[in-house]
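A.B. asks: sequence and predicted structure below; questions after.
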Amino acid sequence: MGPPSKPTLPFLIINLSGFTSENQSMSIEVIRQWPLKPQIAAVGSCCLVGVVCGGTLYIANLGDSRVVLGKLMKATGETVAAQLSTEHNACIESVRQELHSAHPDDSQIVVLKHNVWRVKGLIQISRSIGDVYLKKAEYNRAPLYARFRLREPFKNPILSSDPSVSVHELQPHDQFIIFASDGLWEHLTNQEAVDIVQNHPRSGSAKRLIKVALQSAAKKREMRYSDLKRIDRGVRRHFHDDITVVVLYLDSSLLSRASSIRTPNISVKGAGVSLPPNTLAPGPA
């Protein structure tokens, strides 16, 4: 049995004015609960954050959630998908290369296990919130359960908590943005998700995406959707990953007004990225 499955915390944040350091908040909590609940060191989460400031969308991502934009093509009238986020999953070759570069002396930093690439043979994601047993060596020991511990000690953190930050200047032809955990993207392509939202505007789009994904999961298991829904949620994790979806519709007139408003500055920093201060303006709700 591997580490606990990773929940995902996808947030849509408008007018964000402050950030909380994982190293401060999580470490204090782990230190406090470690003696009684050592497994807390093996608990972690993906996190996806979107910030709209003055007509600009900032995205910070940790883990394998994804942001996809629905963009209207005036020439054809079609709405096409454009992925805006960077994912941190060992199944992606560039992520494996990044891990090898960061750990040149560790030939087992990425292991192919049961046809799935995993960091140290344990976990698929290379960046997360939490998972301190793979970030701080002092938690990779008893009383943490042996099945979570690495056999050999490590000096440098194996996982990172630095987000990948990307920027997109919102345009009048940008229709909507889908924020979703990997549980959705396991069953739908970017374009399939955009088509579903486009064909069912504003009327429960997020719920419809989840339903289509669950129907696909049921089909792969050769069972009916209604039977899958009757399975207890805890047990259902053996049939499909957790799915969280937020769909944000964009109003071009509001974006235009937001970009012209002068407000206090904000700077955004992520893994290897430091963006200059930008105007923080009210975004569309």
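C.D. replies: Arrived safely, thanks for sending.

A.B. asks: residue 235 sits in which helix or strand?
C.D. replies: Per DSSP states H and E: residue 235 is located in helix 233-236.

A.B. asks: restrict that helix to CA atoms and write it as CSV.
C.D. replies: Provided in CSV are the C-alpha atoms of helix 233-236 (Å, rounded to 0.1, in the frame of the first residue of the first chain):
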residue,chain,number,x,y,z
ARG,A,233,-17.4,7.5,-1.5
GLY,A,234,-14.5,6.1,0.4
VAL,A,235,-14.7,2.8,-1.5
ARG,A,236,-15.3,4.6,-4.8
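
A.B. asks: pLDDT on it, on average?
C.D. replies: Averaging pLDDT along helix 233-236 gives 76.

A.B. asks: and stretch 241-249, which residues are buried?
C.D. replies: 241, 243-248 (16 or more other C-beta atoms under 10 Å). From N, CA and C alone the C-beta is placed, and that goes for glycine too.

A.B. asks: what is the end-to-end distance of that stretch?
C.D. replies: 26 Å (C-alpha to C-alpha, to the nearest Å).

A.B. asks: now the most centrally placed residue in the chain: how far from residue 123?
C.D. replies: For the chain, residue 65 is the residue whose C-alpha lies nearest the centre (C-alpha atoms, centre = their mean; 2.8 Å). Between residue 65 and residue 123 the computed distance is 15 Å (C-beta to C-beta, to the nearest Å).

A.B. asks: tell me which other helices or strands the longest helix along the chain touches.
C.D. replies: Longest helix in the chain, counting residues (DSSP state H): helix 205-220. Secondary-structure packing of helix 205-220 (3 or more C-beta pairs under 8 Å, 6 or more residues apart in numbering; DSSP states H and E): strand 174-180, helix 182-185, helix 190-199, helix 225-230, strand 245-249.

A.B. asks: mind putting these into JSON lines with mean pLDDT and distance to residue 168?
C.D. replies: Formatted as JSON lines, the helices and strands packed on helix 205-220 follow (pLDDT from 0 to 100; distance: least, C-beta to C-beta, whole Å):
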{"stretch": "strand 174-180", "mean pLDDT": "95", "distance to residue 168": "8"}
{"stretch": "helix 182-185", "mean pLDDT": "93", "distance to residue 168": "19"}
{"stretch": "helix 190-199", "mean pLDDT": "96", "distance to residue 168": "15"}
{"stretch": "helix 225-230", "mean pLDDT": "81", "distance to residue 168": "35"}
{"stretch": "strand 245-249", "mean pLDDT": "94", "distance to residue 168": "12"}
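
A.B. asks: quick one, which of these is nearest to residue 37?
C.D. replies: helix 182-185 (26.3 Å; C-beta to C-beta).

A.B. asks: just the CA trace of the closest one, in CSV.
C.D. replies: Extracted in CSV, the C-alpha atoms of helix 182-185 (Å, rounded to 0.1, in the frame of the first residue of the first chain):
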residue,chain,number,x,y,z
ASP,A,182,-6.6,15.4,-12.3
GLY,A,183,-9.6,13.2,-11.6
LEU,A,184,-11.4,15.1,-14.4
TRP,A,185,-8.5,15.1,-16.9
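
A.B. asks: list the contacts for residue 89?
C.D. replies: 63-64, 95, 124-126, 182 (C-beta atoms under 8 Å, 6 or more residues apart in numbering).

A.B. asks: surely residue 81 is in a strand?
C.D. replies: Yes: counting by DSSP: H, G, I helix; E, B strand; the rest coil, residue 81 is found in a strand.

A.B. asks: so it makes contact with residue 69?
C.D. replies: Yes: under the criterion of C-beta atoms under 8 Å, residue 81 makes contact with residue 69 at 7.1 Å.

A.B. asks: the two: who's more crowded?
C.D. replies: Ranked by neighbour count (other C-beta atoms under 10 Å), residue 81 and residue 69 place residue 69 first, with 24 against 18.
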